[in-house]
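Asker: Fold the following for me, if possible:
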Amino acid sequence: MNTPTNLLRNSILAFFTSVGIKAVNAVAFILIARLAGVQPAGIFSLGTTYLVIFTATTWGLDELMIRQVARDRSTSSQYFGTFLLLRALLTGAAYLLMVLFVGKLMPYPLTTIRPILILGLSIIPDSLGSVGQSLLNAHERFGLPLVAGIAGSLVKLAVGAWAAVNGGGLEGVGWAWVVGSCLAAAINLAAAGRLTWPWRLRLWLDWPFWTYNLNLALPFLGMGFLLTVEYQADVVILSAVRNEVEVGWYGAVTTIIFALNLLAQGYRAAVYPLMARYRQTDPGKLARLYERSLFYLGALALPMAAGLALLSSEIIVLIFKPAFSGAIVPLQIMSCLLVFNYLNVPNSRLMLVSDQQKRLTLFLVGSMGTNILLNLWLDPRLGAVGASAARVCSSMLFFLMNDLYVNRRLMPHKVLKTLARPALATAVMALAVWQVRGANLWLTILVGIVLYSGMMFLFFLPQIRDSRRS
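Answerer: Purely as a prediction, here's the structure:
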């Protein structure tokens, strides 16, 4: 199977894995919002935020494991056992910190604390299961993580719905998350264990191997912590300086943004092991893959961001209810985030496969610091609007630093030239959507899709003719 076809297949599998894992959060949030109201939705959003924070602090270990195993698959068994032990130690410490932070330091009532801590128990199976998923991703086997994600998600929704109907409330939903996470982790770990069999337990306790990888892991762990804080600090600060209603509005915005980000996450998971392998074996293929990635992701992000900004009010009312009208302006602001998030994927992956994780960590320090300071300044005055503006500013800063370094030191490119035709097609589409936006929402979206696709086809028609002639 050729590289573009393989990349497309793996991107699709990784995309649906992300959908299976994360769409369940969005569906649950929407159901709680529509059935119970803004405040319970805000509590659920706060709980999933803390779960992400304390799970993703060890995200860097996943990135390190994928890179190292993709470079040399003969080390799979040793990395699997070593990182499983390391993750178990870190996960236990992370949950204890979560209990202390949420239960003792934050000014939440008990009705908010209990669901958060129950939901937070999912950190244990989620973290351990990600070791198995990372190993499978390094081998470019994306099918079983998809099965695990779908199975876990279905259990979460089924058990959560049963608990809610039978009076379990948000605490029952939290226990449903724990059960579903355990099932997904069991599938991923079983598949990874079978792939790495036979195990050599003495290699799992090889001290030189531990010290070597711990030295490599520190920048990756730093990146995971910084990235997590940047993407979740706004919710924590907003909950402390405003209230659960503002958190509910902001949760509606992030639910939509994160759903649209799933395409980029699927592509990121598929392209990372491929870039790591090309970095070792064929720099020419790496350069072509990088340029194509910039174009593909930019061509997806630009029309989505424009359409979201123009149709925010209709989308919020359709998915949620008029009670969430406070989320319309924040969503318009956050639509810009899609462009920066999508374009950051090839730059960040290139930095990692080029062993520039320390430099990337410095960029994240600047971005995270900007995000926290802007949230502390804007949130008390503007609430969800301020949090949205802070997130966009920090993400833009990270993209600019990242892209400038890649362009000057690793892979010279002209991002504006690369995205000129998608930008022009997006502008034409936006004008048309603006004219018909008062009509049926689905018809308006269809008009935008058809017009954008048609413009892109016309732009590339000469190249298509030339390729056929040759």
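Asker: Could you use CA atoms for every contact and neighbour count after this?
Answerer: OK.
Asker: Can you report how many residues lie near residue 408?
Answerer: When neighbours are defined as other CA atoms under 10 Å, residue 408 has 10 of them.
Asker: Return the per-residue confidence for it.
Answerer: Listed pLDDT for residue 408 reads 89.
Asker: Quickly note the distance from it to residue 294.
Answerer: Distance, residue 408 to residue 294, using CA to CA, to the nearest Å: 16 Å.
Asker: can you pull the buried residues of the particular helix or strand that has residue 149 in it?
Answerer: Residue 149 is part of helix 143-165 when elements are defined by DSSP states H and E. Neighbour counts over helix 143-165 (16 or more other CA atoms under 10 Å) mark 144-153, 155-157, 159-164 as buried.
Asker: same question, stretch 283-301
Answerer: In stretch 283-301, counting by 16+ other CA under 10 Å, buried: 286-287, 289-291, 293-301.
Asker: ok, which pair from the residues you listed is furthest apart?
Answerer: 286 and 301 (22.2 Å; CA to CA).
Asker: just to revisit the earlier point, possible to save the buried residues of stretch 283-301 as CSV with secondary structure and pLDDT?
Answerer: Converted to CSV, these look like this (DSSP: H, G, I helix; E, B strand; the rest coil; pLDDT from 0 to 100):
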residue, secondary structure, pLDDT
286, helix, 87
287, helix, 88
289, helix, 87
290, helix, 89
291, helix, 89
293, helix, 88
294, helix, 90
295, helix, 90
296, helix, 89
297, helix, 91
298, helix, 91
299, helix, 91
300, helix, 91
301, helix, 92
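Asker: Which member of those residues is positioned nearest residue 454?
Answerer: Checking those one by one against residue 454 (CA to CA), the nearest turns out to be residue 299, at 13.2 Å.
Asker: Against residue 297, how distant is the closest residue to that closest one other than its chain neighbours?
Answerer: Using CA to CA, 6 or more residues apart in numbering and skipping the chain neighbours, the partner closest in space to residue 299 is residue 422 (5.3 Å). As judged by CA to CA, residue 422 and residue 297 stand 10 Å apart.
Asker: Mind listing residues that contact the strand or helix carrying residue 44?
Answerer: Counting by DSSP H and E, the element that carries residue 44 is helix 38-56. By CA atoms under 8 Å, 6 or more residues apart in numbering, the residues outside helix 38-56 that reach it are 25, 29-30, 32-33, 91, 94-95, 98, 112, 115-117, 119-120, 122-123, 126-127, 170, 224-225, 228-229, 232, 235-236, 239, 244-249, 251, 323-324.
Asker: now that helix: mean pLDDT?
Answerer: 74.
Asker: what does stretch 174-186 give?
Answerer: On average, stretch 174-186 scores 88.
Asker: List the contacts of it.
Answerer: Contacts of stretch 174-186 (CA under 8 Å, 6+ apart): 115-116, 118-122, 125-126, 128-130, 132, 148-149, 151-157, 159-160, 163.
Asker: can I see the domain layout of this protein?
Answerer: Split into domains by automatic domain parsing, the chain comes to 3-418, 427-470.
Asker: The ones you listed: lowest mean pLDDT?
Answerer: domain 427-470 (a mean of 76).
Asker: Angles on the backbone of the residue nearest the centre of the chain, please.
Answerer: Nearest residue to the geometric centre of the chain (CA atoms, centre = their mean): residue 265, 5.7 Å. Residue 265 adopts backbone torsions of phi -70, psi -40, taken as degrees, to the nearest 10.
Asker: which residues of the stretch 1-150 of the chain fall in strands?
Answerer: For the stretch 1-150 of the chain, applying DSSP state E, counting those that start in this stretch gives no strands.
Asker: same question, the stretch 301-450 of the chain
Answerer: Counting by DSSP E, counting those that start in this stretch, the stretch 301-450 of the chain contains no strands.
Asker: Surely residue 397 touches residue 367?
Answerer: Yes. Counting by CA atoms under 8 Å, residue 367 is a contact partner of residue 397 at 6.2 Å.
Asker: Those two - which one has more neighbours?
Answerer: Higher neighbour count among residue 397 and residue 367: residue 367, with 23 against 19, using other CA under 10 Å.
Asker: Look up the closest residue to that one, ignoring the ones flanking it.
Answerer: Using CA to CA, 6+ apart, the closest residue to residue 367 is residue 394 (4.9 Å).
Asker: ok, now which ones touch the one you found?
Answerer: 367-368, 370-371.
Asker: about what we covered before: wait, what's in contact with the residue nearest to residue 299?
Answerer: Residues in contact with residue 422 (CA under 8 Å, 6+ apart) are 298-299, 302, 456.
Asker: any idea of the pLDDT on it?
Answerer: pLDDT, residue 422: 89.
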